[in-house]
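Student: Have a look; sequence and predicted model below, questions after that.
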Amino acid sequence: MKSLKRILIVRTDRIGDVLLSTPVIKALREVYPESRIAFMLRPYAREIAEGNPYLDEVIVYDKYGKDRGIYAGLRFAHFLKKKRFDAAFILHPTNRVHLITFLARIPIRVGYDKKMSFLLTDRIKDSKHLGQKHEAEYNFDVLKAVGIKKMSDELFMPRFTRDKEKVEAILIEKGIKAGDKIVAVHPAASCPSKIWPPERFAKVCDALVRNDSCKIVFICSDKDKEICRQVVSFMSEAAYAVFEGLKLKELAALLEKARLLISNDSGPVHIAVAVSTPVIDIFGRNQTGLSPRRWGPLDKKSIVLHKEVGCRDCLAHKCDKNFKCLKAIKVEDVLDAAKKIEESISS
């Protein structure tokens, strides 16, 4: 393929998905060192891209805000058109993105054969639902259209001194000192089918405080406060702190200080991996396309906990088996995993 002077990468879904796309940025920069590379994403994920040294520009597409509606979509397409991109690599298919990049008259539009894919110039067979490999690998399939075959699984999350200093100040304020063994816990998730019972999180936290002198740091968004409150209400130990509403870069700075993250399948898992903090990833669903094989943490230190319970199809939040897959994971399973990770860190 000819030299590309202006490149657009598009990923407009969730935080974890955007993080898993960061290796693509570096790969394109290595092949096109002099090109202008931009990343288009949703507002809540912008901090993942801002500060990435391989990017020249971050473009925010606010489809539920200022870019909502037909007129706003046309205006956004015109905005992209003026930037004169040579190619758009669309890592997650959506009707809107395919239409907008088409209307922006970007000459090369590469993506998956799904969701109005007739608007693309280069289409890749969509087999993501089969879950035959990791999402990061699927992202690199899009780059094969320009001859990039070398894959990387190194995630990148920008961190800045001001964010680290803010987190350190909050830790001190909450009674957590330098040198304390911090274990971060994220008991929430985007769907009930991903949420391990709060009382079990509480038992794990109590055991880590009593047996390993850990300080527990709960992380939660504003909408997830109730789950954190439930876990805390079940705890008998008091060595914990709750961090609410952190910005993504502040969350990364906090996770970087943690010895370990214990989490349901969610975005913080991939942020922890990006800052080299091992994860215990509690995974319920194992249907093809939703399994740990596709969405698990991308590092060797982390441990995925999943137990097969005979489900043929996952009904997600409409589960008719009372989330048997999640309840099959015991407190002892998590504590054993924590011990293995601690031993690997210490060895």
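Tutor: That came in fine, so what should we check first?
Student: Give me the average confidence score over stretch 140-160.
Tutor: The average of the pLDDT scores along stretch 140-160 is 89.
Student: Tell me which residues of it come out buried.
Tutor: 140-143, 145-146, 148, 151, 155-159 (16 or more other Cβ atoms under 10 Å). Heads up, the C-betas are built off the backbone N, CA and C, glycines and all.
Student: so the nearest residue to Lys257 once chain neighbours are set aside, which of the three states?
Tutor: Excluding the flanking residues, the one nearest Lys257 by Cβ to Cβ, 6 or more residues apart in numbering is Ile182, at 5.8 Å. Following DSSP: H, G, I helix; E, B strand; the rest coil, we place Ile182 in the strand state.
Student: Could you report the pLDDT at Ile182?
Tutor: 97.
Student: since we're on it, how many residues are nearby?
Tutor: By other Cβ atoms under 10 Å, 20 other residues sit near Ile182.
Student: Quick check on Ile7: phi, psi?
Tutor: phi -120, psi 140 (degrees, to the nearest 10).
Student: is it true that it touches Ile37?
Tutor: Yes: under the criterion of Cβ atoms under 8 Å, Ile7 makes contact with Ile37 at 4.8 Å.
Student: Quick check: neighbours shared by the two?
Tutor: Leu28 (Cβ atoms under 8 Å, 6 or more residues apart in numbering).
Student: So Ala188 sits against Lys225, correct?
Tutor: No: look at Ala188 against Lys225 with Cβ under 8 Å: they stay out of range, at 9.0 Å.
Student: For the two, indicate the residue with more neighbours.
Tutor: Ala188 (22 against 15).
Student: List the contacts of the more buried one.
Tutor: By Cβ under 8 Å, 6+ apart, the contact set of Ala188 is 195, 220-221, 224, 227-228, 264, 266.
Student: out of those, which are inside helices?
Tutor: With DSSP state H as the criterion, helices contain 227-228 from among these.
Student: Let's have the contacts of Ala188 in CSV, adding neighbour count, pLDDT and distance to Lys83.
Tutor: Below are the contacts of Ala188 laid out as CSV (neighbours: other Cβ atoms under 10 Å; pLDDT from 0 to 100; distance: Cβ to Cβ, whole Å):
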residue, neighbour count, pLDDT, distance to Lys83
Ile195, 22, 90, 41
Cys220, 22, 90, 37
Ser221, 16, 87, 32
Asp224, 20, 87, 37
Ile227, 19, 93, 41
Cys228, 23, 93, 42
Asn264, 24, 95, 38
Ser266, 23, 93, 33
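Student: For the helix-or-strand element of the chain with minimal mean pLDDT, buried residues please.
Tutor: Ranked by mean pLDDT, DSSP states H and E, the weakest helix or strand in the chain is helix 324-327, scoring a mean of 83. Residues of helix 324-327 classed as buried under the neighbour-count rule (16+ other Cβ under 10 Å) are 325-326.
Student: Run the chain-centre distance for that helix.
Tutor: 23 Å (Cα atoms, centre = their mean, to the nearest Å).
Student: Need the max-distance pair from the buried residues of stretch 140-160.
Tutor: Ala145 and Arg159 (32.3 Å; Cβ to Cβ).
Student: if we can go back for a sec, overlap in contacts, Ala188 and Lys225.
Tutor: With Cβ under 8 Å, 6+ apart as the test, Ala188 and Lys225 reach no residue in common.
Student: Looks to me like Val58 is in a helix.
Tutor: No: applying three-state DSSP, one finds Val58 to be strand, outside a helix.
Student: all strands of this protein, in order?
Tutor: Taking DSSP state E as the test, the strands found in the chain are 6-10, 36-41, 57-60, 87-90, 108-112, 122-124, 181-186, 214-220, 240-244, 260-264, 279-282, 303-305.
Student: is it possible to export those to CSV including distance to Leu254?
Tutor: Formatted as CSV, the strands of the chain follow (distance: least, Cβ to Cβ, whole Å):
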stretch, distance to Leu254
strand 6-10, 27
strand 36-41, 22
strand 57-60, 23
strand 87-90, 32
strand 108-112, 35
strand 122-124, 37
strand 181-186, 7
strand 214-220, 7
strand 240-244, 6
strand 260-264, 10
strand 279-282, 14
strand 303-305, 21
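Student: Of these, which shows the lowest average pLDDT?
Tutor: strand 240-244 (a mean of 91).
Student: pretty sure Gly267 is touching Leu19, no?
Tutor: Yes: with contact defined as Cβ under 8 Å, Gly267 counts as touching Leu19 (7.2 Å).
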